[in-house]
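Q: sequence plus the predicted model coming up.
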There are 2 protein chains.
Amino acid sequence: MSGTMGERFRRKAISVAQARLLLEPHAVPLSSEKVVLWQAPGRRLARTIYAPHAMPHFARSGMDGFAVYSEDTVEADSVAVQLTVVETIPCGTVPNRRLGRGEAARIMTGAMLPEGADAVIMLEAVDEDQVDRKSYITVKRYAPRGMNVSWPGTEVSEGQELIKAGVRISTGETALLAAFGYERVEVIRKPKVAVFATGSELLHVGDSLQPGKVRNSNLHMLVAQIETAGGEPIVYGNIADQAQEAKSRLETALREADVVLTSGGVSVGDFDIMAELIGDSEGKLFDKIMMRPGSPTSAALWENKLLIALSGNPGACFVGFELLVRPVLMGMQGAVASPVPALEAVMHQDFDKVNAFERYVRAKVWLEGGKVYTAPLEQDKSSMMISIKEAEGLIIVPPGTQLEAGELVRVIPLKGWGTGDAAF
Amino acid sequence: MSGTMGERFRRKAISVAQARLLLEPHAVPLSSEKVVLWQAPGRRLARTIYAPHAMPHFARSGMDGFAVYSEDTVEADSVAVQLTVVETIPCGTVPNRRLGRGEAARIMTGAMLPEGADAVIMLEAVDEDQVDRKSYITVKRYAPRGMNVSWPGTEVSEGQELIKAGVRISTGETALLAAFGYERVEVIRKPKVAVFATGSELLHVGDSLQPGKVRNSNLHMLVAQIETAGGEPIVYGNIADQAQEAKSRLETALREADVVLTSGGVSVGDFDIMAELIGDSEGKLFDKIMMRPGSPTSAALWENKLLIALSGNPGACFVGFELLVRPVLMGMQGAVASPVPALEAVMHQDFDKVNAFERYVRAKVWLEGGKVYTAPLEQDKSSMMISIKEAEGLIIVPPGTQLEAGELVRVIPLKGWGTGDAAF
């Protein structure tokens, strides 16, 4: 056994939690930028936003109907009350005058109540009459104060916290930002993620197959993962096996990007360029993790930036990204910390493969009858990619443990179960 | 009561299911287009894809180690076996020659097995020696046939179905498409969705507040919803109250877009332009739905395209989109039908508001201890938008029903619970 090889075998394995702790200090929120509101969905807010004014900012009718003095209708349950209609208030207009006692104003949903009015009676609940070109309504039921009225600030009061910094701007946040006049929104800039693959066996996606070679799928997979994590991928392509050249290309990327990812070359083989570069570097954070797949996943701090070297096996590359890279990108976007990213699910069947390391098994996750179920997928070998598309979660199998059907296990969710494929 | 008003009140209310049935025939898959693989994530596949070749397409080593004849090692458990190392096979190369009996080849993870070899022994499990500049290994354990070898087609056989038409291309699909050489992918084109708002009370987002007026938040909200549903929003802005002008603008949009959405103007008020245009049109599909919020939600087939008129109340507009428009956009992208878009969850608390119509209540949804829980949000009035951002689902409250804590209820999921905010 060669000396070099011996060194490599002496890598010190740490836990996934320890690896995350080593990465965390370097995953701090990036600078912010302003984008127009149309571009804001999917981005994360740079600063907590407080309501610049109350909502609604005027007393608003919740119905098409008649604005009245509630007190004028106190007897209406027993004796019909007649009120004079003095004006019509469409949405977006300001009432012409204060409502007098005995008066009513025809008002639209969303329109502004006239001063004095404190209730709105729905259209269908009154009778309308014309006498001498004057309009009257007959009210037959008491309209308590506030009926069908939204008072100023009922929904949001001035200065109230609207959206916290770090929150991903989705549909509801977009509506709020629009309603409060945020034509431009300050968001955290997208982390730039440089991506390299290593390995002379890699063909381009457009190449014909050759014996012994495979097409480079990890670059594409990582780009898709980076995009779902809110990052901006920069594809550098393949990296050479030659150490000095590889180092210089990585350093260039580290100057341009916020994080550099590589896939492959982290193992103990003779051509494992990333193992060599990270293993020897001063900035090494770790080069072995007690997990399956992806135990040789490595990371270093170079040029004060994170270089994360993922395994070249598709399954291990995928899992390494989800466990270690996604949280880094989330942290760089100021995402609110989630102390327990895993959920609990009921094992649907036994899982009897015991491993010395913590194992992350690709799994189906589904909701049925108010319960959360999970089942490991077939073809979960780290070299296999076919089951990645089916994986809705990663079951965490503790070291040296079997899992039994019916048992509650921890699962890292990978896909949402909402808004997915629901057509008719 | 005026005649016009009377007419309007005589709208015929149908169920949500009936409304969907009326929309469904017009939500057929659109034409396809080719995009480069980098642009494919998030799009939906136009045709089912079958594997153009097996994966792996050669016998592949799963380990760094030595390729051997399994039969040569049969005695190794009792008597150490010595084999001659005849070559080194890095990844991406073709072995120089067929392995002879008594021979071994140093091989890398992912590299091609030489002919004859049928097992790989991991590096750490052998002793290496040099004698007279020749390399030998000593094997001390039986290596059964197939050990650490992926045979051709083990993962995917030629012609096997890879990804079904209509599936949304995410991480795993992207990796597969790359591995099988799909540099360009045929996807369904994005549905173009024209969006209008109605209402003279609407200010632009950048405008200062004015009494009686509100900023136009529905346009922005709908754009965010359309984008999450895979559509391409085309913002037309505000539509006038004048019928002929409104009609002509809608018709222009219907020629340019696949669907036209409007928000507001569907109610029974005097200025409800959409109610007037749809109510009178030949192509009317429905103009009242037995649901809360959003009962006046209307739809028509104009110029052989769908015009869907949502309520102007933010909550009702939001719900109307999720229940009726999202499935239309999914159908147009060829999404696989989901007969039960709702999931079952355990009510966390009582809900005692009874309604004559089916009610869709914005709710929290969470997973805890292997169970799915839901609880209605405060501020669920249809005019309120503040709780839209918190809504993870819509609880379906059947007509005339109260819900009790502990009861199993149906919830339409709105957000995923995976890959959301999981930082460290």
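A: In hand now; what should we look at? Note that this is a predicted model, so its numbers are computed, not measured.
Q: can you give me the helices for chain A?
A: Secondary structure of chain A by DSSP state H: the helices cover A:3-9, A:16-23, A:171-179, A:218-228, A:243-256, A:273-279, A:314-320, A:326-332.
Q: single out the most deeply packed of the ones you listed.
A: Highest mean neighbour count among those (mean count of other Cβ atoms under 10 Å in any protein chain shown): helix A:314-320, with a mean of 29. Every C-beta, even on glycine, is put in place using the N, C-alpha and C of the backbone.
Q: picking that back up, now the helices of chain A as TSV including mean pLDDT?
A: Conversion of those to TSV gives the following (pLDDT from 0 to 100):
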stretch	mean pLDDT
helix A:3-9	45
helix A:16-23	95
helix A:171-179	96
helix A:218-228	95
helix A:243-256	94
helix A:273-279	90
helix A:314-320	96
helix A:326-332	93
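Q: B:D64: which of those is closest?
A: helix A:3-9 (9.6 Å; Cβ to Cβ).
Q: quick one on the thing from earlier: closest one to chain B among the helices of chain A?
A: helix A:171-179 (2.8 Å; Cβ to the nearest Cβ).
Q: grab the nearest non-local neighbour of A:H53.
A: Nearest non-adjacent residue to A:H53, counting by Cβ to Cβ, 6 or more residues apart in numbering or on different chains: A:E158, 5.5 Å away.
Q: okay, now the one you found: neighbour count?
A: 13 (other Cβ atoms under 10 Å in any protein chain shown).
Q: that older thread, redo the helices of chain A as JSON lines? Include distance to A:I89.
A: Below are these laid out as JSON lines (distance: least, Cβ to Cβ, whole Å):
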{"stretch": "helix A:3-9", "distance to A:I89": "80"}
{"stretch": "helix A:16-23", "distance to A:I89": "59"}
{"stretch": "helix A:171-179", "distance to A:I89": "21"}
{"stretch": "helix A:218-228", "distance to A:I89": "48"}
{"stretch": "helix A:243-256", "distance to A:I89": "59"}
{"stretch": "helix A:273-279", "distance to A:I89": "70"}
{"stretch": "helix A:314-320", "distance to A:I89": "60"}
{"stretch": "helix A:326-332", "distance to A:I89": "48"}
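Q: tell me which of these lies nearest to B:I107.
A: In terms of Cβ to Cβ, the element of the helices of chain A nearest to B:I107 is helix A:3-9, at 14.9 Å.
Q: can you show me the strands along the stretch 151-300 of chain A?
A: Along the stretch 151-300 of chain A, the stretches classed as strands by DSSP state E, counting those that start in this stretch are A:161-163, A:184-188, A:192-198, A:202-203, A:214-215, A:232-239, A:259-263, A:284-286, A:291-292, A:298-302.
Q: do the last one and chain B come into contact?
A: No. With Cβ under 8 Å from any Cβ of the partner chain as the measure, strand A:298-302 is seen stopping short of chain B, the closest distance being 14.0 Å.
Q: and that strand, what does it pack onto?
A: When contacts are defined as 3 or more Cβ pairs under 8 Å, 6 or more residues apart in numbering or on different chains; DSSP states H and E, strand A:298-302 packs onto helix A:16-23, helix A:243-256, helix A:273-279, strand A:284-286, strand A:305-310.
Q: within the sheet, what are the partner strands of it, with directions?
A: Taking DSSP bridges as the criterion, strand A:298-302 sits next to strand A:284-286 (antiparallel), strand A:305-310 (antiparallel) in its sheet.
Q: of the ones you listed, which stretch is the most buried?
A: Buried most deeply of those, by mean count of other Cβ under 10 Å, is strand A:305-310, with a mean of 26.
Q: in PDB, please show the C-alpha coordinates belonging to it.
A: Listed next in PDB are the C-alpha coordinates belonging to strand A:305-310 (Å, rounded to 0.1, in the frame of the first residue of the first chain):
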ATOM      1  CA  LYS A 305     -14.900  31.800   0.200                       C
ATOM      2  CA  LEU A 306     -16.400  28.300   0.400                       C
ATOM      3  CA  LEU A 307     -15.300  25.600  -1.900                       C
ATOM      4  CA  ILE A 308     -17.500  22.600  -1.600                       C
ATOM      5  CA  ALA A 309     -16.400  19.400  -3.300                       C
ATOM      6  CA  LEU A 310     -19.200  17.000  -3.800                       C
END
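Q: outside of that strand itself, list whatever touches it.
A: For strand A:305-310, contacts defined as Cβ atoms under 8 Å, 6 or more residues apart in numbering or on different chains pick out A:23, A:26-27, A:218, A:222, A:250, A:254, A:257-266, A:274-275, A:278, A:283, A:294, A:297-301, A:316-317, A:320-321, A:324-325, A:328.
Q: where in chain A is the helix or strand with the lowest mean pLDDT?
A: In chain A, no helix or strand scores lower on mean pLDDT, DSSP states H and E than helix A:3-9, which sits at a mean of 45.
Q: please report the distance of the closest residue to A:T297 other than its chain neighbours from A:L329.
A: Spatial nearest neighbour of A:T297, excluding adjacent residues (Cβ to Cβ, 6+ apart): A:G320 at 4.5 Å. Relative to A:L329, A:G320 is positioned 13 Å away (Cβ to Cβ, to the nearest Å).
Q: then A:M221?
A: 15 Å.
Q: quick one on the thing from earlier: which residues touch the residue nearest to A:T297?
A: A:G320 neighbours (Cβ under 8 Å, 6+ apart): A:293-294, A:297, A:308, A:310-311.
Q: for these, which one is nearest A:A391?
A: A:P293 (12.4 Å).
Q: ok, now which ones touch the closest one?
A: Counting by Cβ under 8 Å, 6+ apart, A:P293 touches A:311, A:313, A:315-316, A:319-320, A:360, A:382.
Q: before we move on, what about A:M385?
A: Applying Cβ under 8 Å, 6+ apart, the residues contacting A:M385 are A:217, A:221, A:314-315, A:318, B:155, B:172, B:175-176, B:179.
Q: export those residues to a markdown table and tack on distance to B:P413?
A: Shown next, in a markdown table, are the contacts of A:M385 (distance: Cβ to Cβ, whole Å):
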| residue | distance to B:P413 |
| --- | --- |
| A:S217 | 31 |
| A:M221 | 26 |
| A:P314 | 29 |
| A:G315 | 28 |
| A:F318 | 24 |
| B:E155 | 32 |
| B:G172 | 21 |
| B:A175 | 26 |
| B:L176 | 26 |
| B:A179 | 31 |
